[in-house]
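need a 3D model of the sequence below.
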Amino acid sequence: MSEITSREVHLISHPKRLPEVYDFEITQTQLEPLQDQQVLVRNLFISVDPYMRGRMNEGKSYVPPFELNKAMEGGAVGEVVESRASEFKVGDVVTSNYGWREYFIASPKELHGVSRDIQPLSVYLGTLGMTGMTAWAGLKLGEVKAGDVVYISGAAGAVGSVAGQLAKLKGCRVIGTAGSNEKVDFLRDECGYDAAFNYRTGPVVEQLKVEAPDGIDVYFDNVGGESLEAALSLLRLHGRIIACGGISGYNDAKPKPGPSNLFNMTVKRLTMKGLIVRDWVDQQGEFEEEVGGYFKAGKLKHKETVVCGIENAVTAFIGLFSGQNIGKMVVQMEADAECHRRSLEKVTEQERNGVEVIHAKDAPMHPQTVSEAVDTWRNEGDPN
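Residues are numbered from 1 along each chain as shown. Reported below is the predicted structural model:
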């Protein structure tokens with residue numbers, strides 16, 4: 001193997017609130033020569049996800065924090081460029097947890113082979129990846145069944161957009177909330193939601209009452225805060241809450257007080273279950289068969305927002321907290337003409353929402369982009 005230099009993103013300081021580019025650094029590293037039972041992979045796409053914000057804090061959690069001054073981890077889909085292991089050959093496409101870098105060396109057990117026939121390959125980070133499996137597992141955890149009225153917050157994000165489509169396939173009435181009229185249209189027109197509303201245009205509980213006058217059976221929570229409180233008001237007797245995420249509070253310096261109507265858990269005999277997708281890894285085969293089947297049959301749509309170049313990975317991650325994605329946010333490592341074209345189509349929308357699209361040919365991690373994202377988040381709060 002010839003000498004390979006790989007760029008990778010390091011966390012260099014723990015963010016106190018919303019992360020900024022100055023908390024990160026792109027470094028170059030020289031890869032060691034390949035040994036027996038090792039595989040060299042070039043990443044094609046990497047994933048940025050809200051849960052990563054928690055790993056940037058100090059302290060113990062359900063997953064270890066990122067180490068300072070080391071390459072961060074995250075989902076990635078890549079191509080084998082050299083192999084000294086019989087399990088993989090050159091040209092194979094694999095997924096891994098070695099995101100935030102251009103190249104890496106791994107053992108076969110750290111890789112998961114996927115088919116090149118399914119396009120775009122980035123779907124393995126979204127609908128057919130961790131976020132899609134989170135949606136699928138959440139509906140199983142909440143025992144969602146035909147006839148249920150399901151309310152999903154953060155519905156236009158990577159998890160919510162898939163959860164809503166899967167609930168519709170189960171025969172549910174599905175209601176979603178998002179942070180822009182464009183996202184509301186996306187939920188109705190592309191994801192098949194029965195109803196959707198923009199939480200920025202009025203109190204969530206009042207808008208939810210309009211769409212579900214007789215109440216809801218299931219709340220798939222990606223946001224927390226006001227959306228959770230609204231759901232507690234509208235859930236019917238023996239309703240279920242799937243506690244998947246709480247992005248509205250991820251960047252708070254101090255936790256906000258809980259819902260004022262939490263006693264409804266008792267009065268209505270509600271059930272609330274926490275969801276961590278890693279608990280479902282032994283059912284990955286079942287997920288891939290069921291959800292992969294829907295996708296191949298054209299029954300499940302994949303939506304993504306693509307950012308070009310590893311130099312813009314941090315900007316893409318920060319953009320999650322000001323709602324700059326529809327569907328899954330991914331970073332395409334090679335910023336080719338097609339990636340730039342897709343990004344250019346988003347420029348007008350991004351500028352309208354206060355965040356500029358930065359391309360790989362431009363200055364990396366442009367500070368103004370982050371400043372605008374911070375202002376959007378501070379002024380408007382929850383982005384979903």
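
buried ones in stretch 324-338, by neighbour count?
Judged by neighbour count using 16 or more other CB atoms under 10 Å, the buried positions of stretch 324-338 are 324-333, 335. Yep, even glycine has a C-beta here, placed from its N, CA and C like the rest.

now swap in stretch 245-253 and tell me
Of all the residues in stretch 245-253, those buried under the rule 16+ other CB under 10 Å are 245-248, 250-251.

and of those, the nearest to V306?
Closest to V306 out of those is I247 (20.6 Å), distances taken as CB to CB.

how much space separates that closest one from Y51?
Between I247 and Y51 the distance is 9 Å, computed by CB to CB, to the nearest Å.

all strands of the stretch 151-300 of the chain, in order?
For the stretch 151-300 of the chain, the strands defined by DSSP state E, counting those that start in this stretch occupy 173-178, 195-198, 216-221, 235-243, 271-274.

torsion angles phi and psi at A106?
Dihedral pair for A106: phi -150, psi 160, per degrees, to the nearest 10.

same check, this time on the one 3 residues further on
In terms of degrees, to the nearest 10, the main-chain angles of K109 are phi -70, psi -20.

mind pulling the model confidence for it?
On the pLDDT scale, K109 is placed at 96.

which residues are in contact with each of I247 and Y51?
Shared contacts of I247 and Y51, defined by CB atoms under 8 Å, 6 or more residues apart in numbering, are absent.

coming back round to it: buried deepest among the strands of the stretch 151-300 of the chain, which one?
Of all those, strand 173-178 has the most neighbours on average by mean count of other CB atoms under 10 Å, namely a mean of 27.

and it, which strands flank it?
Strand pairing for strand 173-178, using DSSP bridges, gives strand 149-152 (parallel), strand 195-198 (parallel).

which other residues reach it?
Outside strand 173-178, the residues within contact range by CB under 8 Å, 6+ apart are 148-156, 160, 164, 167-168, 184, 186-187, 191-199, 204, 207-208, 211-212, 216, 227, 384.

hmm, which of the residues you listed are the buried ones?
Buried members of the contacts of strand 173-178, counted by 16+ other CB under 10 Å: 148-156, 160, 164, 167-168, 184, 186-187, 191, 193-199, 204, 207-208, 211-212, 216, 227, 384.

among those residues, which are in helices?
Judged by DSSP state H, these include 160, 164, 167-168, 184, 186-187, 204, 207-208, 211, 227 as members of helices.

where in this protein is pLDDT low?
By pLDDT under 70, the weakly predicted segments of the chain are 1-2, 335-384.

show me the domain layout of it.
The chain is divided into the following domains under automatic domain parsing: 5-126+302-380, 130-278.

okay, those domains in TSV with distance to F287 next?
Below are the domains of the chain laid out as TSV (distance: least, CB to CB, whole Å):
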stretch	distance to F287
domain 5-126+302-380	12
domain 130-278	5
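
please identify the most buried of the ones you listed.
domain 130-278 comes out most buried of the domains of the chain by mean count of other CB under 10 Å, with a mean of 20.

from the middle of its chain, how far away would that domain be?
The chain centroid and the centroid of domain 130-278 are separated by 16 Å, computed with CA atoms, centre = their mean, to the nearest Å.

how long is it from one end to the other?
9 Å (CA to CA, to the nearest Å).

stretch 30-37 too?
20 Å.

now distance to E110 too, for the strands paired with strand 173-178, in TSV please.
As requested, the strands paired with strand 173-178 are exported to TSV (distance: least, CB to CB, whole Å):
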stretch	distance to E110
strand 149-152	33
strand 195-198	39
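
so which of the ones you listed is nearest N97?
For these, the distance to N97 is smallest for strand 149-152, at 26.7 Å, taking CB to CB.

what residues does the closest one touch?
Counting by CB under 8 Å, 6+ apart, 144, 160, 163-164, 167, 172-177, 208, 212, 214-220, 222, 231, 234 sit against strand 149-152.

my guess is S260 meets E229, correct?
Yes: here S260 reaches E229: they are 6.6 Å apart, a contact under CB atoms under 8 Å.

who wins for proximity to V291 among the domains of the chain?
domain 130-278 (5.6 Å).

ok, the buried residues of stretch 245-253 vs I12, which is closest?
N251 (18.1 Å).

ok, back up a step: so for E67, which of the strands of the stretch 151-300 of the chain sits nearest?
strand 271-274 (25.7 Å).

no more questions from me, cheers.
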